[in-house]
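Asker: Build me a model from this:
(chains A and B)
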Amino acid sequence: EAQVTQNPRYLITVTGKKLTVTCSQNMNHEYMSWYRQDPGLGLRQIYYSMNVEVTDKGDVPEGYKVSRKEKRNFPLILESPSPNQTSLYFCASSLSGLGTAYTEAFFGQGTRLTVV
Amino acid sequence: AQTVTQSQPEMSVQEAETVTLSCTYDTSESDYYLFWYKQPPSRQMILVIRQEAYKQQNATENRFSVNFQKAAKSFSLKISDSQLGDAAMYFCAYRRNFGNEKLTFGTGTRLTIIP
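Answerer: Purely as a prediction, here's the structure:
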């Protein structure tokens, strides 16, 4: 089954304790992205990757890191989480069309992160 | 920068009736996509319908249809014969057709279905 898998689904942590949210896709997609969802703000892009070893900042990258060492995985790293990073996080992937064709974005199940 | 605006934070509709959710967007580009996503309580993001900007014909998917007004930069979603399972948060989203395939989302409209 084609899917994007995020782990964990729920996480409660304390301020300053490094954490990683994993994201894996089994569709051989080039493009992967992280979003955060906050009430009244919708979803906003944190980071994206257009292929292995190619990553770039989205709209709200402060306090986050990513890496793309393998095509299937795109972990989101919070090196020193703060309460303002409490949010619902989504990973998404798509087969990059590079403007030549539409490619649907597939979303993970979401990770609810609480930083206390 | 592109922006997407959903001016209705909440809407409600009687079961079997029709409801329209509003969305406006701002962009200087001519080639892009517009989407409506549904997010039920399970939090899963589900693609409801897609519209290519170069297509004049409004997209339809069963009970879901859009009214795409490119000049007015308006993209509303009509749900016909509303069902209890349609209750969810609905997000309007924009994506340009090149480069970063970022989805720019509106703030969402929570739809309640009244039995």
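
Asker: List the beta-bridge partners for the most centrally placed residue in chain B.
Answerer: In chain B, the centroid-proximal residue (CA atoms, centre = their mean) is B:Trp36; its distance is 3.1 Å. Beta-bridge pairing for B:Trp36 (DSSP bridges): B:Ile49, B:Cys92.

Asker: what pLDDT does it get?
Answerer: Note on B:Trp36: pLDDT of 97.

Asker: In this model B:Cys92 seems to touch it, though I could be wrong.
Answerer: Yes: between B:Trp36 and B:Cys92 there is a contact at 5.9 Å, judged by CB atoms under 8 Å. In short, each C-beta sits where N, CA and C put it, glycine included.

Asker: Compute the number of surrounding residues for the closest residue to B:Thr3 other than its chain neighbours.
Answerer: Leaving aside its sequence neighbours, B:Thr3 sits nearest to B:Asp26 (CB to CB, 6 or more residues apart in numbering or on different chains; 4.8 Å). Counted by other CB atoms under 10 Å in any protein chain shown, the residues lying close to B:Asp26 total 12.

Asker: correct me, but B:Asp26 touches B:Lys73?
Answerer: Yes: counting by CB under 8 Å, B:Asp26 touches B:Lys73, with 6.2 Å between them.

Asker: Can you pull the phi and psi angles for the most centrally placed residue in chain A?
Answerer: The residue lying closest to the centre of chain A (CA atoms, centre = their mean) is A:Trp34, at 2.6 Å. Dihedral pair for A:Trp34: phi -120, psi 140, per degrees, to the nearest 10.

Asker: for the residue lying closest to it once chain neighbours are set aside, what are its contacts?
Answerer: What sits nearest to A:Trp34 in space, not counting adjacent residues and going by CB to CB, 6+ apart, is A:Ile46, at 4.3 Å. Each residue near A:Ile46 by CB atoms under 8 Å, 6 or more residues apart in numbering or on different chains is listed here: A:33-36, A:58-61, A:64, A:66, A:76, A:89.

Asker: Are any of those residues buried, and if so which?
Answerer: Neighbour-count burial (16 or more other CB atoms under 10 Å in any protein chain shown) applied to those gives A:33-36, A:58, A:60-61, A:64, A:66, A:76, A:89.

Asker: distance between the ends of stretch A:103-113?
Answerer: Its first and final residues considered, stretch A:103-113 spans 29 Å by CA to CA, to the nearest Å.

Asker: avg pLDDT for it?
Answerer: Regarding stretch A:103-113, the rounded mean pLDDT is 93.

Asker: Could you do stretch B:87-97 as well?
Answerer: Here the average pLDDT along stretch B:87-97 is 94.

Asker: Identify the residues contacting it?
Answerer: Residues outside stretch B:87-97 that contact it (CB under 8 Å, 6+ apart): A:42-43, A:99, B:2, B:4, B:6, B:21, B:23, B:25, B:27, B:29, B:31-41, B:45, B:48, B:53, B:75, B:77, B:101-106, B:108-113.
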